[in-house]
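Student: No sequence on hand, only this structure:
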């Protein structure tokens with residue numbers, strides 16, 4: 001669609017410019033990923049030089065690219081469907097850090113509940129039918145929208161918050177309130 005639009009607006013020159021833009025953008029991303037991944041692996045496994053890691057990463061990337069987009073998507077989609085809900089839960093809890101700071105158990109419990117649900121959901125979408133669990137998952141709210149993990153995440157955060165309250169022997173209400181600035185003095 002974008003190619004057709006650019007061709008219609010700018011003619012063949014526009015198509016060439018659009019192609020160059022995509023090549024430069026992809027090349028930029030590839031160089032950044034290769035260098036950052038190579039640097040990371042060189043730090044954790046310094047036996048291999050940065051250059052060796054760079055060559056390994058480039059070779060592996062080339063071999064994966066030969067598989068074709070359909071194969072890459074077929075393999076990566078279930079993995080991403082299992083991982084993205086956990087990442088979203090961590091982001092949301094991090095954004096609510098002002099409230100969740102004093103109830104630290106909400107993080108691991110919410111992520112664990114989300115992880116179990118999202119992995120099961122990804123397995124079901126991949127065609128693996130687990131007797132009993134598949135029917136239970138399909139009956140859960142938001143299954144058709146792909147958000148089946150949302151309610152287990154909220155329940156897990158609640159259980160984690162309650163466990164933090166019990167562990168700290170404090171009232172939950174005072175734990176959930178944002179911290180007050182201790183430097184301010186009341187008149």
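Tutor: Ah, there it is. What you see is a predicted model; the values in this text were computed from it and never measured.

Student: If you count neighbours, what's buried in whichever strand or helix holds residue 53?
Tutor: Here residue 53, judged by DSSP states H and E, is contained in helix 50-66. By neighbour count on 16 or more other C-beta atoms under 10 Å, the buried set for helix 50-66 is 53-54, 57. In this view, the C-beta of every residue, glycine as well, is placed from N, C-alpha and C.

Student: Could you list every helix and strand that it packs against?
Tutor: helix 2-44 (3 or more C-beta pairs under 8 Å, 6 or more residues apart in numbering; DSSP states H and E).

Student: Report the mean per-residue pLDDT for the helix it packs on.
Tutor: The average pLDDT for helix 2-44 rounds to 92.

Student: likewise stretch 62-76?
Tutor: Computed over stretch 62-76, the average pLDDT equals 91.

Student: And stretch 161-170, by the same measure?
Tutor: Here the average pLDDT along stretch 161-170 is 81.

Student: buried residues in it?
Tutor: 161, 163-165.

Student: okay, how far is it across stretch 121-134, tip to tip?
Tutor: 8 Å (C-alpha to C-alpha, to the nearest Å).

Student: how far does that stretch sit from the chain's center?
Tutor: 21 Å (C-alpha atoms, centre = their mean, to the nearest Å).

Student: And stretch 12-28, by the same measure?
Tutor: The answer for stretch 12-28 is 29 Å, by C-alpha atoms, centre = their mean.

Student: What separation do you get for residue 136 and residue 123?
Tutor: Using C-beta to C-beta, to the nearest Å, residue 136 is found at 13 Å from residue 123.

Student: So those two - more neighbours on which side?
Tutor: Per other C-beta atoms under 10 Å, whichever of residue 136 and residue 123 has more neighbours is residue 123, with 18 against 11.

Student: How about that one, nearest residue that isn't a chain neighbour?
Tutor: residue 130 (7.0 Å; C-beta to C-beta, 6 or more residues apart in numbering).

Student: Please identify which helix or strand holds residue 159.
Tutor: helix 150-168.

Student: Good, wrapping up.
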